[in-house]
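K.L.:
A structural model of the following input is requested.
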Amino acid sequence: MGKRILLVEDEDKLRRALELHLRSLGFEVSVAASAEEALGAIDRSDLVLTDLRLPGMDGVEFLSRVRLTNSVSPVILMTAYGTVESAVEAMRKGASDFLTKPFSLDHLTSVVERALEMRALRDENRKLREELGKRYDMEHIIGRSAPMQEVFQLVMRVAQARSTVLIAGESGVGKDLIARAIHFHSPRRDRPFVKINCTAIPENLMESELFGYEKGAFTGAAAAKPGKFEDANTGTVFLDEIGDVSPAVQVKLLRILQEREFERLGSNKTIGIDVRVIAATNQDLRAALEQGTFREDLFYRLNVVPINIPPLRKRKEDIPYLADYFLTKFAKESGRQIESLGDEALQLLESHYWPGNVRELENVIERAVVLSHGRVLTPDDIRIDDVRKGPMAADDLFLPPGMTLDEYEQWLVQEALRRSKGNKSQAARLLGITRNAFRYRLSQTGIESAEGDDA
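P.N.:
Got it, this is the predicted structure:
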């Protein structure tokens, strides 16, 4: 079905000529000789083409009525040369464009098509925002357990405020989803959401990535470039893995939280910023405070509203719902006819320790869907790498015989370095601590630094 155009023109010959031309382009056209006659067709129109000077209600007043009835359809005004100023004023009040009489039919075609293209883009953007809103709606983030319901309630309370939020939880629990849910339930939902993975950005580039730089600030800076915080102005910045930020950057982050301002690298000009900061960590920042690797004043600025996301092993009642969601998702994506998860397969999932949390469960279900042979997933379809049935029994949770705590910690650090082939970043991840915390332990144990510091 073609787009519907409402044509309002009091000159009979011009109205007929425009109607025939628009119909020849494939549009459905409703015509009216006055604004009063056209009022009933406003809400059924994709575009309104109206003369500015009409008998009775003029085009500007008609424009106001269109905007009250149909806020999304573009309005194009046709005007004589002497009333161009009036047309410009009408555009300030919501008209999309205007045509100065006399105009060619080719010009009319281009103006109409451009207006409809702009409407299509706005409609697409609106739908995308709606889909994003649904995706990060609490009903679409799966968590039926009591601990997750408490998290959701806290998210809804904190979303409307500007307060800084610190999200804590193990890797893979869904900190990113919670951060986005806070943003999409906040007054800033239509403004930028900028995620910054503090682990992924090398330390020597962190400052310029976050705060931008001026031309000539360093070798290779051929032009000025705004940083992530400027990109997020009026919106939300999500600092993922905040514990890996260097002391120099911590100072600048503290200033942003306190003063709402910063300078680009290589500049003395202060830039004001309006952003909400949400930070996340999979580490205990209080331990980092004790080790001196994280600023105490920054911690308290970030920890205004703490949200702790429990690991999957502490909310196993969510596993059936999560598994079913992932099964449906991947079966649809792969075109596999898989109907459900068998009881024995579900029991296997519920018995696993899930060190990788929801992300690990998602990967396991995707693999099972791809490799399965039947319509119901069985234990044979569930393949879990490095299966751990749970934490060690209480009798096993102690130091190896003849070894002190300091000696055991030193052995763990050495073993992590060996397994990571000297890469400190990887070694830190194996031990579940930050790079800075790992460096601190290296200095305390006296182990010499290995090559391949950061990869």
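
K.L.:
Quick check: Glu230 touching Ile273?
P.N.:
Yes: applying CB atoms under 8 Å, one finds Glu230 in contact with Ile273, separated by 7.1 Å. To be clear about C-beta, it is placed using only N, CA and C from the backbone, and glycine gets the same treatment.

K.L.:
What average pLDDT does stretch 246-264 get?
P.N.:
Taken as a whole, stretch 246-264 carries a mean pLDDT of 91.

K.L.:
cool, and stretch 164-176?
P.N.:
On average, stretch 164-176 scores 93.

K.L.:
same thing with stretch 428-436?
P.N.:
Here the average pLDDT along stretch 428-436 is 81.

K.L.:
quick one: buried residues of it?
P.N.:
Buried residues in stretch 428-436, defined by neighbour count with 16 or more other CB atoms under 10 Å: 428-431, 433-436.

K.L.:
Stretch 339-353 now?
P.N.:
341-342, 345-346, 348-349, 352-353.

K.L.:
for stretch 177-188, same thing?
P.N.:
In stretch 177-188, counting by 16+ other CB under 10 Å, buried: 177-186, 188.

K.L.:
swap in stretch 106-122?
P.N.:
By neighbour count on 16+ other CB under 10 Å, the buried set for stretch 106-122 is 108, 111-112, 115-116, 119.

K.L.:
Residues in contact with it: which ones?
P.N.:
3, 5, 18, 21-22, 25, 27, 46-47, 49, 72-74, 76, 96-97, 99 (CB atoms under 8 Å, 6 or more residues apart in numbering).

K.L.:
so of those residues, which ones are in helices?
P.N.:
Among the contacts of stretch 106-122, the ones falling in helices (DSSP state H) are 18, 21-22.

K.L.:
who wins for neighbours among these?
P.N.:
Leu22 (23 neighbours; other CB atoms under 10 Å).

K.L.:
Is the nearest residue to it once chain neighbours are set aside bridged to anything, and to what?
P.N.:
Residue nearest to Leu22 in three dimensions, not counting chain neighbours: Val29, with 4.9 Å by CB to CB, 6 or more residues apart in numbering. Taking DSSP bridges as the rule, Val29 bridges to Ile5.

K.L.:
how near is Val29 to Ala232?
P.N.:
According to CB to CB, to the nearest Å, Val29 stands 45 Å off from Ala232.

K.L.:
Compare the two (neighbour count), which wins?
P.N.:
Higher neighbour count among Val29 and Ala232: Ala232, with 23 against 20, using other CB under 10 Å.

K.L.:
Need the pLDDT of the more buried one.
P.N.:
At Ala232, pLDDT is 92.

K.L.:
now it: how far from Asp274?
P.N.:
In terms of CB to CB, Ala232 sits 9 Å off from Asp274.

K.L.:
Just to be sure, Val31 is in a strand?
P.N.:
Yes: under DSSP: H, G, I helix; E, B strand; the rest coil, Val31 sits within a strand.

K.L.:
what secondary structure does the nearest residue to it once chain neighbours are set aside sit in?
P.N.:
Closest residue in space to Val31, ignoring its immediate chain neighbours: Leu7 at 4.9 Å, by CB to CB, 6+ apart. Counting by three-state DSSP, the backbone at Leu7 sits in strand.

K.L.:
My guess is Leu7 contacts Val29. True?
P.N.:
Yes: using CB under 8 Å, Leu7 is in contact with Val29, at 5.7 Å.

K.L.:
what is in contact with the two at once?
P.N.:
What both Leu7 and Val29 touch, as defined by CB under 8 Å, 6+ apart, is the set 19, 22.

K.L.:
show me what contacts the residue nearest to Leu22?
P.N.:
Counting by CB under 8 Å, 6+ apart, Val29 touches 4-7, 19, 22-23.

K.L.:
switch to 7 Å and redo it
P.N.:
Contacts for Val29 (CB atoms under 7 Å, 6 or more residues apart in numbering) come out as 5, 7, 19, 22-23.

K.L.:
Look at it and report its pLDDT.
P.N.:
For Val29, the model assigns a pLDDT of 91.

K.L.:
any idea how far it is from Ile76?
P.N.:
In terms of CB to CB, Val29 sits 13 Å off from Ile76.

K.L.:
How about Leu54?
P.N.:
From Leu54 across to Ile76, the span is 14 Å (CB to CB).

K.L.:
re earlier: and the residue nearest to Val31, how many neighbours does it have?
P.N.:
25.

K.L.:
ok, it to His21 distance?
P.N.:
Separation of Leu7 from His21 (CB to CB): 10 Å.

K.L.:
do you know how far Leu108 is from Phe193?
P.N.:
40 Å.

K.L.:
same thing with His185?
P.N.:
Taken as CB to CB, the span from His185 to Phe193 is 12 Å.

K.L.:
How about Ile278?
P.N.:
In terms of CB to CB, Ile278 sits 9 Å off from Phe193.

K.L.:
same thing with Ala288?
P.N.:
26 Å.

K.L.:
Show me how the record splits the chain into domains.
P.N.:
4-130, 138-308, 312-381, 401-445 (automatic domain parsing).

K.L.:
I'd like to know which of the ones you listed has the weakest mean confidence.
P.N.:
Lowest mean pLDDT within the domains of the chain: domain 401-445, a mean of 79.

K.L.:
where exactly do the helices run in the stretch 301-450 of the chain?
P.N.:
For the stretch 301-450 of the chain, the helices defined by DSSP state H, counting those that start in this stretch occupy 319-334, 343-351, 357-371, 405-419, 424-431, 435-445.

K.L.:
would you list those helices in JSON lines and tack on distance to Ile142?
P.N.:
Converted to JSON lines, the helices of the stretch 301-450 of the chain look like this (distance: least, CB to CB, whole Å):
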{"stretch": "helix 319-334", "distance to Ile142": "5"}
{"stretch": "helix 343-351", "distance to Ile142": "14"}
{"stretch": "helix 357-371", "distance to Ile142": "8"}
{"stretch": "helix 405-419", "distance to Ile142": "34"}
{"stretch": "helix 424-431", "distance to Ile142": "26"}
{"stretch": "helix 435-445", "distance to Ile142": "32"}
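
K.L.:
looking at those, which is closest to Met206?
P.N.:
helix 435-445 (12.1 Å; CB to CB).

K.L.:
chain center to the closest one: distance?
P.N.:
34 Å (CA atoms, centre = their mean, to the nearest Å).

K.L.:
what helices or strands is that helix leaning on?
P.N.:
helix 285-291, helix 405-419, helix 424-431 (3 or more CB pairs under 7 Å, 6 or more residues apart in numbering; DSSP states H and E).

K.L.:
Compare those helices and give me the one nearest Met91.
P.N.:
Of all these, helix 285-291 comes closest under CB to CB, at 52.7 Å.

K.L.:
Can you list the buried residues in the closest one?
P.N.:
Using 16+ other CB under 10 Å as the test for burial, helix 285-291 gives 285, 288, 291.

K.L.:
Save those as a markdown table, and put in distance to Lys424 too.
P.N.:
Shown next, in a markdown table, are the buried residues of helix 285-291 (distance: CB to CB, whole Å):
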| residue | distance to Lys424 |
| --- | --- |
| Leu285 | 20 |
| Ala288 | 16 |
| Gln291 | 15 |
